[in-house]
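Novice: predicted coordinates and the sequence they were generated for:
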Amino acid sequence: MYNFLKMTYFNQNITAWYNQNHRQLPWRKTTDPYKIWISEIILQQTQVKQGLNYYIKFIESFPDIKALATASEQNILKVWQGLGYYSRARNLRKAAQHIYYNMNGRFPSTRNDLLKLSGIGPYTAAAIASIAFNEPYAVVDGNVYRLLSRFYAISTPIDSTQGKKEFKELANHLLDRDNPGTFNQAMMEMGALICTPSNPLCNQCPLASECKSFLTKTTDQFPVKSKKTEKKIRHFNYAIIQINSSLILTRREQGDIWHGLFEPLLIESDKEINDIKLAKLIQQHWPHFNQNITLQTTKKQILTHQIIYAKFFRIVIPEETSIPDMFNSKQLLMVDFDQLKQYPIPRLIDQYFNIDFHP
Ligand code: SF4
């Protein structure tokens, strides 16, 4: 059992440190639940450094529920482009539409009502409710797991059912019920700035004199995880098909990464294939393209659960070729080079168009 006598020490030190050291961020200067919601969704899986510009751009583009609810999915994904986990953006739109059309545009004001919205789970609901409505719910994100597991030297794996229960219980015991929003933000900020994943700044930490892992020189042993996530390796072979000053794009379908984003025609292979094999595959899929196939570049993108290796092949085809006949059921778009920027595109493909593609 943890030493709950350390609670006061923990709370006082962490809050005093936060009040003096926290970063000045736009979502910390507002109690508008809409803005806090947007920031919390952006900051899931994203560090503040990367998320800040996206937050500013998102709020500029969609300043309120109405603007978000009435925007097209394509526009929202375009603003989100490069941030990854695109289901977050689609869920924001879905939740905004529900609030705008079914709740008279009034943002929910309790954790329980927040939980009914698309894309809001217990963590996000607790964060919004504590920060915007002062409701006493502790948040437990990766930063909090790390901070608590090190401070108390807890060896229960954080990705186990028991671990999740144990850490949630501990965070709720520690929670400052008078200032839950500040307390939650202090925990997360400490984890992000001081108790960092590698090389924590223990010599600047206000908790060091009572931190069990620091005192036993075992900070690198916490937090404990039970499973190592194996990343799935995928090979994407893109055919960049050019007809005059236009390219062919398709929209990615549901049930896979990058749903709703646009990409060139894709052949996915289960292993890396060479140029000759790919040329054959391209001809099998699209017999009209039997000439002028050039490998331009390969790129790699590491996602949380997948590693994507992408090859980009340029194919220039004659103007008179009839496009719709060639592809049967695939929904195709002919997009002029100048219009490419209007389409939400995965980061890897965007890099190809910006760096390697010369019309
Ligand atoms: S002393 Fe070090 S390990 Fe302990 S909470 Fe502070 S930063 Fe983390």
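Specialist: Cool, got the structure. Numbering: from 1, shown residues only.
Novice: next SSE downstream of the helix or strand of the chain with the lowest mean pLDDT?
Specialist: With mean pLDDT, DSSP states H and E as the measure, the helix or strand of the chain carrying the lowest mean pLDDT is helix 323-326 (a mean of 53). Taking DSSP states H and E as the definition, the helix or strand that follows helix 323-326 towards the C-terminus is strand 333-336.
Novice: buried sites along that next one?
Specialist: Residues of strand 333-336 classed as buried under the neighbour-count rule (16 or more other CB atoms under 10 Å) are residue 335. Backbone N, C-alpha and C define where each C-beta goes, glycine included.
Novice: who does it pair up with?
Specialist: Using DSSP bridges, the strands paired with strand 333-336 in its sheet are strand 246-251 (antiparallel).
Novice: neighbouring contacts of the strand it pairs with?
Specialist: Contacts made with strand 246-251 from outside it, assessed by CB atoms under 8 Å, 6 or more residues apart in numbering, are listed as 240-241, 260-266, 323, 330-337, 340, 343.
Novice: okay, helices next: where are they in the stretch 101-250 of the chain?
Specialist: 111-114, 122-133, 142-152, 161-174, 180-193, 212-215 (DSSP state H, counting those that start in this stretch).
Novice: any chance of these in JSON lines, plus distance to the ligand, mean pLDDT and mean neighbour count?
Specialist: Listed next are the helices of the stretch 101-250 of the chain as JSON lines, based on distance: least, CB to the nearest ligand atom, whole Å; pLDDT from 0 to 100; neighbours: other CB atoms under 10 Å:
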{"stretch": "helix 111-114", "distance to the ligand": "28", "mean pLDDT": "96", "mean neighbour count": "18"}
{"stretch": "helix 122-133", "distance to the ligand": "21", "mean pLDDT": "96", "mean neighbour count": "23"}
{"stretch": "helix 142-152", "distance to the ligand": "4", "mean pLDDT": "96", "mean neighbour count": "23"}
{"stretch": "helix 161-174", "distance to the ligand": "13", "mean pLDDT": "95", "mean neighbour count": "16"}
{"stretch": "helix 180-193", "distance to the ligand": "7", "mean pLDDT": "96", "mean neighbour count": "22"}
{"stretch": "helix 212-215", "distance to the ligand": "4", "mean pLDDT": "96", "mean neighbour count": "18"}
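Novice: packing partners of the helix or strand containing residue 34?
Specialist: Assigned by DSSP H and E, residue 34 falls within helix 33-43. Counting by 3 or more CB pairs under 8 Å, 6 or more residues apart in numbering; DSSP states H and E, the packing neighbours recorded for helix 33-43 are helix 48-61, helix 87-102, helix 122-133.
Novice: just the C-alpha atoms of that helix, please, in CSV.
Specialist: Included here for helix 33-43 are C-alpha records, laid out as CSV according to Å, rounded to 0.1, in the frame of the first residue of the first chain:
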residue,chain,number,x,y,z
PRO,A,33,-15.2,24.0,-22.7
TYR,A,34,-15.2,24.0,-26.6
LYS,A,35,-11.6,25.2,-26.7
ILE,A,36,-10.5,22.9,-23.8
TRP,A,37,-12.1,20.0,-25.7
ILE,A,38,-10.3,20.8,-28.9
SER,A,39,-7.0,21.1,-27.0
GLU,A,40,-7.5,17.8,-25.2
ILE,A,41,-8.3,15.9,-28.4
ILE,A,42,-5.3,17.4,-30.2
LEU,A,43,-3.0,16.6,-27.3
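Novice: how long is stretch 282-301 from one end to the other?
Specialist: Terminal residues of stretch 282-301 lie 23 Å apart, using CA to CA, to the nearest Å.
Novice: meant to ask about stretch 337-357, not that
Specialist: The first and final residues of stretch 337-357 sit 10 Å from each other (CA to CA).
Novice: swap in stretch 149-157?
Specialist: 9 Å.
Novice: now do the contacts for the residue lying closest to residue 47 once chain neighbours are set aside.
Specialist: Spatial nearest neighbour of residue 47, excluding adjacent residues (CB to CB, 6 or more residues apart in numbering): residue 192 at 7.6 Å. Listed by CB under 8 Å, 6+ apart, the contact partners of residue 192 are 47, 48, 143.
Novice: again with residue 202
Specialist: With contact set as CB under 8 Å, 6+ apart, residue 202 has these partners: 208, 211, 214, 219.
Novice: from residue 152, how far off is it?
Specialist: The span separating residue 202 from residue 152 equals 15 Å under the rule CB to CB, to the nearest Å.
Novice: ditto for residue 118
Specialist: Distance of residue 118 to residue 152, given as CB to CB: 35 Å.
Novice: for the stretch 151-300 of the chain, which residues are neighbours of the ligand?
Specialist: Within the stretch 151-300 of the chain, the residues that sit near the ligand (CB under 6 Å from any ligand atom) are 151, 194-195, 200-202, 205, 207-208, 211, 213-214, 219.
Novice: what about 5 Å?
Specialist: With CB under 5 Å from any ligand atom as the criterion, the stretch 151-300 of the chain meets the ligand at residues 151, 194, 195, 200, 202, 205, 207, 208, 211, 214, 219.
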